[in-house]
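Colleague: Could you work out the structure for the sequence below:
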Amino acid sequence: MSVLFVFLLIENILEKYIGVFQYSDELISIVLFLLILIRLPHAKLPKTIVMIIIFFLITLLLGILSSAWFHIQPSRIAAFKDILAVSKFFIVYVYAAAFASDKNAERERRRILSFSRFYIWILAFCGVVNQFVDLGMGEGYRGPIKEYAFLYTHGTFMVASVVVMAAVFIANGTKKNAGYIGLSFLVLALSMRTKAFIFIVAACTLMFGYRKSAVQSRRSRASKNSLRLYMVLAIVLVLVYFIARNKVASYLSWGLVAARPALYIVGFQIMCNYFPLGSGLGTFASSISGKYYSPLYFTYGISNISGLRQSEGFKYMSDTYWPYIFGQYGLIGMTTYLLSLYCVLKDIRRVFQSSPNALSAALSLFFYVIASSFVEAVFTNAPIVLIALTLGYYLRISRDQETSGTVVS
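Modeller: Residues are numbered from 1 along each chain as shown. Next comes the predicted model:
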């Protein structure tokens, strides 16, 4: 598993030189899905995992039903690809959380931590040097700061790798890894991505909110953690509002002229017009709906918007995520999808409730994914495999190390 962790951290860099690696996330998801099918008949699953599976299967069923009813996307291949894309996060998380073996977990934890410490030093060093010497690792300037992406194809992919490493450092102890956490935050800041700053705010707030303190019982620990979670969530939301409000206002001001706001506006119209099932698989707001160009873009008059044009390669068609969900799966499908994510959050709290460092790391990573989903197709992009494995397995083995001694809250 440690080898897979390292590979997924740098997969986007390898993909630049070896094109076949672009299919690695789909291949991993298919393999893990087959392993789940093999082991499921003999498995005793926690209630939260069962509910994740049930709610997500209902979501998929609604997508299949709407596809069969409306026949908007003529390509069956597009529908199958769409099912795989939207399933990746849940397949990988369920396998990692419920089926991944803990054999040699301590050895795996140490290898992951050692590589992450080594790699973050490289990223931080190159990031600082790149501000003064052109290393070809930037994407232009935002104010006086040169945007940093290292060797990744886009800053988004570097940020995803760094937030995963930051979560690993936090889970393995905030005091002994304080320097590495600081280096992670430095690299994230140099990326100049709003979602990177949101992660920093969430992580700092959660680390402060879940400071270690003695507890007397499991019930009091759960009660305190629930109260802390709601308080921290409220603080994070307020801080995120102040960080992102200007960018959100800028997006909304463009209306149907720009791709991202157009996808939100038209996605809402589709949800209403195809109530309650949505338009079906492979029909809207995804790279698949662009590759197998959906008739809906012509129907709603957005086929000539820059970034959504078929002739331009529809490069901004997956520049957000939620229109893809409430457009294709409708109001009911969006509800069951959100319930699936809520069950993931409940499972995270269940697993990490006695491990404050791991809980802070997992919640920070979960909040990052949710925040990113409003500006990118994070749940269908390649890095989601690494994020799901980290939430379900890599942080869990760090939790086991943390709770091997005195139980803390």
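Colleague: Tally up the residues packed near Pro144, please.
Modeller: Number of residues near Pro144 (other C-beta atoms under 10 Å) recorded here: 6. Backbone N, C-alpha and C define where each C-beta goes, glycine included.
Colleague: how far away is it from Leu37?
Modeller: As judged by C-beta to C-beta, to the nearest Å, Pro144 and Leu37 stand 53 Å apart.
Colleague: and what of Val162?
Modeller: Using C-beta to C-beta, one gets 34 Å for the distance from Val162 to Leu37.
Colleague: Compare these two (neighbour count), which wins?
Modeller: The residue with more neighbours, out of Val162 and Leu37, is Val162; 29 against 9, by other C-beta under 10 Å.
Colleague: Which is the succeeding secondary structure element to the particular helix or strand that has the more buried one in it?
Modeller: Here Val162 sits within helix 155-171, counting by DSSP states H and E. Following helix 155-171 in sequence order, the next helix or strand is helix 178-191 (DSSP H and E).
Colleague: Give me the helices and strands touching that following helix, please.
Modeller: In terms of contacts (3 or more C-beta pairs under 8 Å, 6 or more residues apart in numbering; DSSP states H and E), helix 178-191 is packed against helix 105-130, strand 145-148, helix 155-171, helix 194-209.
Colleague: Need those in CSV (columns: mean pLDDT and distance to Met51).
Modeller: Formatted as CSV, those follow (pLDDT from 0 to 100; distance: least, C-beta to C-beta, whole Å):
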stretch, mean pLDDT, distance to Met51
helix 105-130, 94, 26
strand 145-148, 90, 40
helix 155-171, 95, 24
helix 194-209, 88, 24
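Colleague: which of these is buried the deepest?
Modeller: helix 155-171 (a mean of 27; mean count of other C-beta atoms under 10 Å).
Colleague: Show me how far that helix is from its chain's centre.
Modeller: Distance of helix 155-171 from the chain centroid (C-alpha atoms, centre = their mean, to the nearest Å) equals 11 Å.
Colleague: From Tyr264, how far out is the residue lying closest to Gly333 once chain neighbours are set aside?
Modeller: Once flanking residues are discounted, Gly333 sits nearest to Leu62: 4.2 Å by C-beta to C-beta, 6 or more residues apart in numbering. According to C-beta to C-beta, Leu62 and Tyr264 sit 21 Å apart.
Colleague: try Tyr95
Modeller: For Tyr95 relative to Tyr264 (C-beta to C-beta), the value is 32 Å.
Colleague: Got the confidence number for the residue lying closest to Tyr95 once chain neighbours are set aside?
Modeller: Counting by C-beta to C-beta, 6+ apart, Leu32 is the residue found nearest to Tyr95 once chain neighbours are left out, at 4.3 Å. Reading off the confidence values, Leu32 has pLDDT 96.
Colleague: With the one 4 residues further on instead?
Modeller: In the predicted model, Ile36 carries a pLDDT score of 95.
Colleague: so who does it touch?
Modeller: Residues counted as contacts of Ile36 (C-beta atoms under 8 Å, 6 or more residues apart in numbering) are 91, 94-95, 99.
Colleague: Out of those residues, name the ones that lie in strands.
Modeller: Taking DSSP state E, every one of the contacts of Ile36 sits outside strands.
Colleague: neighbour-wise, which of these leads?
Modeller: Most neighbours among those, by other C-beta under 10 Å: Val94, with 25 neighbours.
Colleague: The most centrally placed residue in the chain and Tyr300, how far apart?
Modeller: The chain has Val369 as the residue nearest its centroid, 3.6 Å off, counting by C-alpha atoms, centre = their mean. Using C-beta to C-beta, Val369 is found at 28 Å from Tyr300.
Colleague: low-scoring stretches of this protein, by residue?
Modeller: Counting by pLDDT under 70, the chain shows low-confidence ranges at 210-233, 235-237, 239-256, 399-409.
Colleague: For it, which segments count as strands?
Modeller: Assigned by DSSP E, the chain shows strands spanning 138-142, 145-148.
Colleague: And the helices in the stretch 1-150 of the chain?
Modeller: 2-17, 24-39, 47-70, 76-98, 105-130 (DSSP state H, counting those that start in this stretch).
Colleague: How about the stretch 201-350 of the chain?
Modeller: So, for the stretch 201-350 of the chain - with DSSP H, counting those that start in this stretch - the helices run 218-254, 259-273, 287-291, 296-299, 322-328, 330-352.
Colleague: now Tyr148, which residues is it bridged with?
Modeller: Counting by DSSP bridges, Tyr148 forms beta bridges with Gly138.
Colleague: wait, doesn't it sit right on Leu135?
Modeller: No: judged on C-beta atoms under 8 Å, Tyr148 makes no contact with Leu135 at a distance of 9.4 Å.
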